[in-house]
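Undergrad: Give me a 3D structure for the following:
(one chain, ligands or ions: 2)
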Amino acid sequence: MTEPQTPMLFLDFDGTISRRDAVDVILETYADSKWLTHEEEWRAGRIGSRDCLRAQMALVRASRKQIDILLDGIGIDEHLVPLLEMCAIQHIQVHIISDGFDYCIRRILSGGGKRIGALLRGGRVCAGHLESRGRLWRTDFPFFHQTCGHGCATCKPAVMRLLNKTNGPAIFVGDGFSDRYAVESADLVFAKDGLAEYCGEQSIEHTPYQNLGDVAAHIDCWLAGRVFLREESLDRVSA
Ligand SMILES: [Mg+2]
Ligand SMILES: [Zn+2]
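TA: Ligands and ions are numbered 1, 2, ... in the order given. From the prediction side, this is the model:
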């Protein structure tokens, strides 16, 4: 019989790894209040997240230093390192897929210590691109240049298909509205907050979680169950 394929882990960033949504924090602090109008349009489904974020970030006026100070105050889930360590032991490749921005992700992760960088080596960070031009902030969306049907800043299901070349089981961990397309492409979904609500309403099978420690424990059990099932069926074959 064939060996079960190694799963791949896809982590949302804002609110899943980070304690708060970095883009929201930036907008609340440094954007003209018009950003809220774009937010409403996005929540109502009238515009995609790409158009929304492009318009919102154009309303930000802040120096790089001001943004960095803000990002340094956000912090990350303290169970990220144990989760990544478990994945390293189990040979699970981990990728971060985010509708937010690379600049914020790299800054926040670097504040979490060197161990995180080492553990994430080999994985990808797929997100929008953000860079400062004086007090203005320029956006770009390298994943993918052509907008998807949802209008995503970074289309999570498309990135998941792109990275998961061997089509192993896809595990997705998320917390919010921008994760709603990703869950349809995942074999195992961990959801909290808005995403858990959404999955509940749509009857999408998911495991609720509070922090990344819950996710690590659950994946570990799930993998042990897979090994048990495999050994049991091998016993049956040889009996
Ligand atoms: Mg999120
Ligand atoms: Zn999309």
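
Undergrad: Give the buried residues for stretch 108-116.
TA: 108, 109, 111, 112, 116 (16 or more other CB atoms under 10 Å). No exception for glycine: its C-beta is placed from N, CA and C like everyone else's.

Undergrad: Next, see if it gets close to ligand 1.
TA: No: counting by CB under 5 Å from the ion, ligand 1 is not contacted by stretch 108-116; separation bottoms out at 12.6 Å.

Undergrad: Do me a favour and get the end-to-end distance for that stretch?
TA: 11 Å (CA to CA, to the nearest Å).

Undergrad: how about the spatially most central residue of the chain, what does it touch?
TA: Geometric centre of the chain, nearest residue: residue 12, 1.0 Å, by CA atoms, centre = their mean. If you count contacts by CB atoms under 8 Å, 6 or more residues apart in numbering, residue 12 has them with 96, 97, 98, 156, 172, 173, 174, 175, 176, 178, 179, 182.

Undergrad: what stretches of the protein score poorly on pLDDT?
TA: 1-3, 227-230, 233-239 (pLDDT under 70).

Undergrad: For this structure, what lies in contact range of ligand 1?
TA: So the chain meets ligand 1 at 12, 14, 15, 175, 176 (CB under 5 Å from the ion).

Undergrad: Return the entry from the residues you listed with the maximum number of neighbours.
TA: Among the residues of the chain next to ligand 1, the one with the most neighbours (other CB atoms under 10 Å) is residue 14, at 27 neighbours.

Undergrad: Isn't that residue up against residue 96?
TA: No: using CB atoms under 8 Å, residue 14 is not in contact with residue 96; the gap is 10.3 Å.

Undergrad: May I have stretch 209-224 exported as PDB, CA atoms only?
TA: The C-alpha trace of stretch 209-224 is given here as PDB (Å, rounded to 0.1, in the frame of the first residue of the first chain):
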ATOM      1  CA  TYR A 209      -8.900  26.800  18.300                       C
ATOM      2  CA  GLN A 210      -7.800  29.500  20.700                       C
ATOM      3  CA  ASN A 211      -4.100  29.600  20.000                       C
ATOM      4  CA  LEU A 212      -1.500  27.900  17.900                       C
ATOM      5  CA  GLY A 213      -0.700  25.500  20.700                       C
ATOM      6  CA  ASP A 214      -4.100  24.000  20.200                       C
ATOM      7  CA  VAL A 215      -3.400  23.600  16.500                       C
ATOM      8  CA  ALA A 216       0.000  21.900  17.200                       C
ATOM      9  CA  ALA A 217      -1.600  19.400  19.600                       C
ATOM     10  CA  HIS A 218      -4.400  18.600  17.300                       C
ATOM     11  CA  ILE A 219      -2.200  18.000  14.200                       C
ATOM     12  CA  ASP A 220       0.100  15.800  16.300                       C
ATOM     13  CA  CYS A 221      -2.800  13.700  17.400                       C
ATOM     14  CA  TRP A 222      -4.200  13.600  13.800                       C
ATOM     15  CA  LEU A 223      -0.800  12.400  12.500                       C
ATOM     16  CA  ALA A 224      -0.600   9.700  15.200                       C
END
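
Undergrad: outside of that stretch, which residues touch it?
TA: 7, 9, 16-17, 77-80, 82-83, 86-87, 90, 92, 171, 173, 188, 190-192, 207.

Undergrad: Quick one: buried ones out of these?
TA: 7, 9, 16-17, 77, 79-80, 83, 86-87, 92, 171, 173, 188, 190-192, 207.

Undergrad: Among these, name the ones in helices.
TA: 80, 83, 86, 87 (DSSP state H).
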